[in-house]
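1. only geometry, no sequence info:
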């Protein structure tokens, strides 16, 4: 990536995140029933969105890699899967803290929570497949199949709150459960985390290129 | 400040993991760049 877009991406995502944090901590009003704990929403929802979005990019990268066999698509899929496992872990942890705060329990086998755990294991399977096959091209191909097939869980997970009766709150953005200020804060936080994802994806893809270069040089040497 | 502890815990966990991940990316990239340099140096000789 050239210097200017790189600086713009870094500066832009930093400024967005700083603004979002200031709004979450200082500006948005405190919810009457749940108190300050309700503000977990402004970080939990973006983290969940990134978990889903990262797996969508993995799905897209894997599908195009299987079709075109171009390594750059495998790099995108692999990098996004790694970021996805980080954010799925965070979605589970922040969700658990939210559950303890609002429901009084750390965990319950609710449809949304269970399908998110399944999503975490699918990401894990992606890496197990990747590291258990020694030939690079074969590992990439097998992992790409997991990346495509595993995506089935994302819409199930996203729609779990509509398809089944769950403890989990409904789709707050679309059902109007938030005031205008709260909604604006949530959208700002979503934008900030999406910018962070783009930055992380670029960093991880660049690292993967270096890893491949080391392998190539070792083989030559 | 009702449930302040849970709110702070969620924020700390998120930022600790994100910073940890970014740090790991930086450290690993630095090591790999050094290795690339030394491997290229070796292949030139």
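-> Received it, and whenever you're ready, just let me know what you need. The shown structure was predicted, so the numbers you read here are calculated from the model rather than taken from an experiment. Numbering: from 1, shown residues only, chains lettered A, B, ... in the order given.

2. isn't there a strand covering residue A:109?
-> No: assessed with DSSP: H, G, I helix; E, B strand; the rest coil, residue A:109 is coil; it does not lie in a strand.

3. For it, the count of nearby residues, please.
-> 7 (other Cβ atoms under 10 Å in any protein chain shown). Bear in mind the C-beta positions are built from the backbone N, C-alpha and C, glycine included.

4. Quick check: phi and psi on it?
-> Phi and psi for residue A:109, reported as degrees, to the nearest 10, are phi -80, psi 60.

5. per-residue confidence for it?
-> Residue A:109 carries a pLDDT value of 89.

6. how close does it sit to chain B?
-> For residue A:109, the distance to chain B equals 21 Å [Cβ to the nearest Cβ, to the nearest Å].

7. give the contact list for residue 40.
-> This is for chain A. A:94, A:97-98, A:101, B:6-7, B:10 (Cβ atoms under 8 Å, 6 or more residues apart in numbering or on different chains).

8. actually chain B
-> Shown in contact with residue B:40 (Cβ under 8 Å, 6+ apart): residue A:217.

9. again with residue A:24
-> Contacts of residue A:24 by Cβ under 8 Å, 6+ apart are A:39, A:42-43, A:185, A:189.

10. tell me the SS of it?
-> Applying three-state DSSP: residue A:24 is helix.

11. Equivalent analysis for residue A:104, please.
-> Quick answer, by three-state DSSP: residue A:104 is coil.

12. same check, this time on residue B:21
-> helix.

13. Count the neighbours of it for me.
-> If we define neighbours as other Cβ under 10 Å, then residue B:21 has 18 of them.

14. Quick check: pLDDT value at it.
-> In this prediction residue B:21 is given a pLDDT of 95.

15. measure it to chain A for me?
-> From residue B:21 to chain A the distance is 5 Å (Cβ to the nearest Cβ).

16. How about that residue, nearest residue that isn't a chain neighbour?
-> Sequence neighbours aside, residue A:86 is the residue nearest to residue B:21 in space, at 5.5 Å (criterion: Cβ to Cβ, 6 or more residues apart in numbering or on different chains).

17. Separate out the buried members of the contacts of residue A:40.
-> A:94, A:97-98, A:101, B:6-7, B:10 (16 or more other Cβ atoms under 10 Å in any protein chain shown).

18. Enumerate the residues of chain A near chain B.
-> Applying Cβ under 8 Å from any Cβ of the partner chain, one finds that chain A approaches chain B through A:34-40, A:43-44, A:47, A:86, A:89-90, A:93-94, A:97-98, A:100-101, A:196, A:200, A:203-204, A:206-207, A:210-211, A:213-214, A:217-218, A:220-221.

19. who are the neighbours in contact with the residue nearest to residue B:21?
-> By Cβ under 8 Å, 6+ apart, the neighbours of residue A:86 are B:17-18, B:21.

20. mind putting those residues in CSV, distance to residue A:67 included?
-> Rendered in CSV, the data for the contacts of residue A:86 read as follows (distance: Cβ to Cβ, whole Å):
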residue, distance to residue A:67
B:17, 34
B:18, 33
B:21, 30
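
21. wait, which of the residues you listed is closest to residue A:139?
-> residue B:21 (22.5 Å; Cβ to Cβ).

22. shouldn't residue A:170 be in contact with residue A:161?
-> Yes: judged on Cβ atoms under 8 Å, residue A:170 makes contact with residue A:161 at a distance of 5.8 Å.

23. neighbour count winner among these two?
-> Looking at residue A:170 and residue A:161 with other Cβ under 10 Å, you find the greater number of neighbours at residue A:161, namely 18 against 11.

24. Is the more buried one within a helix or a strand, and which one?
-> helix A:153-163 (DSSP states H and E).

25. I'd like to know which elements that helix is packed against.
-> With contacts defined as 3 or more Cβ pairs under 8 Å, 6 or more residues apart in numbering or on different chains; DSSP states H and E, the packing partners of helix A:153-163 are helix A:41-68, helix A:111-132.

26. Please name every helix or strand in contact with the helix or strand harbouring residue A:11.
-> For residue A:11, the enclosing helix or strand under DSSP H and E is helix A:3-22. Applying 3+ Cβ pairs under 8 Å, 6+ apart, we find helix A:3-22 packed against helix A:180-220.
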